[in-house]
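Trainee: model the structure of this input:
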Amino acid sequence: MIARSFEAVVFTDHDGFRVPNRGYKYPEPASERILILGDSVAFGPGVAEPDTFVGLLRAANPGWAVYNSSVIAYDAPNYADVVIDLSARSQNFSKVVLVY
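Mentor: Purely as a prediction, here's the structure:
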């Protein structure tokens, strides 16, 4: 999906996670699978994805699959919902980073 956030073009994957571009493919196999949970700070409204801290993390670690589930205005109950949903779908992550 393509949208705008304060004039920055935003792309999301089939799960609604922010990704760098349309059709983005996560590295497979990935040496690490990192889930980012957060609100606007981790989402990066108005910032091009490569310039967000998640984008910088991806660029510095090209073999990592970094999943940015952050959404503007998310809070603790939303983070729990994301983890429960992903666990039910047998998604396994090597690390989970909570940006609170």
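
Trainee: all helices of the protein, in order?
Mentor: Secondary structure of the chain (DSSP state H): helices located at 40-43, 53-60, 76-88.

Trainee: kindly compare burial across these and name the winner.
Mentor: Scoring the helices of the chain by mean neighbour count under mean count of other C-beta atoms under 10 Å gives helix 40-43 as the most buried, with a mean of 18. The way it works is simple: take the backbone N, C-alpha and C, and place the C-beta from them, glycine included.

Trainee: mean pLDDT for the helices of the chain: which is lowest?
Mentor: Comparing mean pLDDT across the helices of the chain, the weakest is helix 76-88, with a mean of 86.

Trainee: how about a markdown table for the helices of the chain, with distance to residue 69 added?
Mentor: Below are these laid out as a markdown table (distance: least, C-beta to C-beta, whole Å):
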| stretch | distance to residue 69 |
| --- | --- |
| helix 40-43 | 9 |
| helix 53-60 | 10 |
| helix 76-88 | 5 |
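
Trainee: longest strand of the protein?
Mentor: The longest strand of the chain (DSSP state E) is strand 32-38.

Trainee: quick one: that strand to helix 53-60, angle?
Mentor: 170 degrees (axes from the mean of the first three to the mean of the last three C-alpha atoms, to 10 degrees).

Trainee: would you mark the buried spots in strand 32-38?
Mentor: Under the neighbour-count criterion of 16 or more other C-beta atoms under 10 Å, strand 32-38 has 33, 34, 35, 36, 37, 38 buried.
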